[in-house]
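# Kindly generate the corresponding structure for this input.
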Amino acid sequence: MKLRIGIVSPHPVPRTETYKIGRLLAEKGHDVTVFLPYADRIETESWEGVEIKGFKTSFLPMIQYPLPRLSWPFSITKEIANYDFDIVQACDYDYLTSLIPLLSRRIPFSRRIITSDAFPGYNWRFGLKPIDFVGKVYTASIGRLILKGYSRFVVLHEKMVHIAKRLGVPENRIKVIGNGVDSSLFKRVASTNDAKEILGYRKDSHLILYVGRLSFVKGIDILLKAAEIVHKKDEKIKFVIIGDGGEKDRLMQDVTRSNVDIQFVPRMSQKRLSAWYSAADMLVIPSRSEGVPNTMLEAAAVGLPIIATDVGGISTFLKNEINGMLIPPGSAMTLADKISYLLSNPDQCQKMVANAREEVLKHYRWPDVVQSFESVYESMILDKV
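Numbering: from 1, shown residues only. The predicted structure follows:
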């Protein structure tokens, strides 16, 4: 069944899952159009078979939250309705862009689907009480109303189902579809030591890697404190932080006041990222909140030991001391201890790496993710809840 699918993203640079799902749906013969917000100009007009349409808006500084405009019902909503899509999919109810498909009667309830990776104020917390309070109020009020406007609600992991039900979403409208990883892209490009040399590091150095957005919720401040503790024990340990974000300047200032060897590297293509995963001794995810982070799945596919906080959906993949290390959020000392422990226990690292890679290659494949979405779409077309 060939479908016309419209996807509304709240992000000017779409998340990996939006990009991959859109491309793979197009490869399977569906007509896919992704609608993106932009402030000054749209970054691209197509992704390998996917049409890109932009809608102008403003963004809150620092967190890049798209602000709604009174013109939306007469501009972007009208444009989407004119496409006469079979399916209109909104990403993330916690962004007001998810209102766009609800503002036109020409987009029927039965054809609307929404996805989410977390519930702000419930299973996702920024780490600052005022922001978390606003998130909880939003989810319980505006968020609840938004979810009622969609015939299907796709959540990222099983832990989210009971919260969705508490918010009034009928269980038969809730679907669990996880993320995937491209194992043809995320694979080891060289041995760890050779990859270090390629990137300009000594073979006997230890590289501790973080990959992701530089935001308070990601816990980079905890990682910097852990780095100071670890550095006192072994000065050959180097920390590499890959990514961009509103906290970057402040974090770099914090680093200059310490003697720890921490390198900041700008956000890069996935192809280049595989070389860094290959060179690193481990990946750390010190987040205060998460969904199921792509970086965890990518590192597992390459074969990299992982230390992550036990938040959000991380433990749906990572099992403590079986295929990685789980730690409580907010503890720099615990993180430092686990880094030192893994560097001192390479045999256990290899066992965990093997288990993680087997799990990710078996259960986190993008073709399976896309097939699951297609099944949901077809049930919507046939109106089978």
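
# only C-alpha atoms for contact and neighbour calcs from this point on.
Fine.

# Can you pull the phi and psi angles for residue 60?
phi -60, psi 130 (degrees, to the nearest 10).

# wait, what's in contact with it?
Each residue near residue 60 by Cα atoms under 8 Å, 6 or more residues apart in numbering is listed here: 66, 67.

# again, but for the one 5 residues further on
Counting by Cα under 8 Å, 6+ apart, residue 65 touches 10, 59, 95.

# from those residues, which ones fall inside strands?
Within the contacts of residue 65, residues falling in strands by DSSP state E are residue 59.

# which of the contacts of residue 65 tops the neighbour count?
residue 10 (25 neighbours; other Cα atoms under 10 Å).

# Distance to residue 282 and pLDDT added to the contacts of residue 65, as CSV?
Converted to CSV, the contacts of residue 65 look like this (distance: Cα to Cα, whole Å; pLDDT from 0 to 100):
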residue, distance to residue 282, pLDDT
10, 32, 92
59, 35, 87
95, 33, 92
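
# tell me which of the contacts of residue 65 is nearest to residue 281?
Relative to residue 281, the closest of these is residue 10; by Cα to Cα it sits at 34.4 Å.

# Just confirm that closest one contacts residue 66, I think it does.
Yes. Using Cα atoms under 8 Å, residue 10 is in contact with residue 66, at 6.7 Å.

# what residues do these two have in common as contacts?
37, 95, 97.

# Near residue 219, how many other residues are there?
22.

# by contact count, what packs against the strand or helix carrying residue 347?
Per DSSP states H and E: residue 347 is located in helix 346-363. Counting by 3 or more Cα pairs under 8 Å, 6 or more residues apart in numbering; DSSP states H and E, the packing neighbours recorded for helix 346-363 are helix 294-302.

# Only C-alpha atoms, please: export the helix it packs on in PDB.
This file holds the C-alpha atoms of helix 294-302, laid out as PDB (Å, rounded to 0.1, in the frame of the first residue of the first chain):
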ATOM      1  CA  ASN A 294      20.800   7.000  19.800                       C
ATOM      2  CA  THR A 295      24.400   7.400  20.900                       C
ATOM      3  CA  MET A 296      24.000   4.300  23.200                       C
ATOM      4  CA  LEU A 297      22.800   2.200  20.300                       C
ATOM      5  CA  GLU A 298      25.500   3.500  18.000                       C
ATOM      6  CA  ALA A 299      28.300   2.800  20.500                       C
ATOM      7  CA  ALA A 300      26.900  -0.700  21.100                       C
ATOM      8  CA  ALA A 301      26.900  -1.400  17.400                       C
ATOM      9  CA  VAL A 302      30.600  -0.300  17.000                       C
END
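
# and it, average pLDDT?
The pLDDT scores in helix 294-302 average 96.

# Next secondary structure after that helix?
Counting by DSSP H and E, what follows helix 294-302 is strand 306-309.

# Each with direction, which strands does that next one pair with?
strand 282-285 (parallel), strand 325-327 (parallel) (DSSP bridges).

# what's in contact with it?
Under Cα under 8 Å, 6+ apart, the answer for strand 306-309 is 282-288, 296, 299-300, 314, 323-329, 335, 338-339.

# okay, and the helix or strand of this protein with the least pLDDT?
strand 46-47 (a mean of 74; mean pLDDT, DSSP states H and E).

# Stretch 219-227 - what's its average pLDDT?
Mean predicted lDDT for stretch 219-227 stands at 95.

# What of stretch 174-186?
Stretch 174-186 shows a mean pLDDT of 94.

# Can you list the residue ranges for strands in the stretch 151-300 of the chain?
Remark: strands assigned in the stretch 151-300 of the chain by DSSP state E, counting those that start in this stretch are 152-155, 174-176, 206-211, 237-242, 262-265, 282-285.

# show me what contacts the residue nearest the centre of the chain?
Centroid-nearest residue in the chain, with Cα atoms, centre = their mean: residue 293, separated by 4.8 Å. Residues near residue 293 by Cα under 8 Å, 6+ apart: residue 314.

# Does residue 6 belong to a helix, a strand or coil?
In three-state terms, and counting by DSSP: H, G, I helix; E, B strand; the rest coil, residue 6 is strand.
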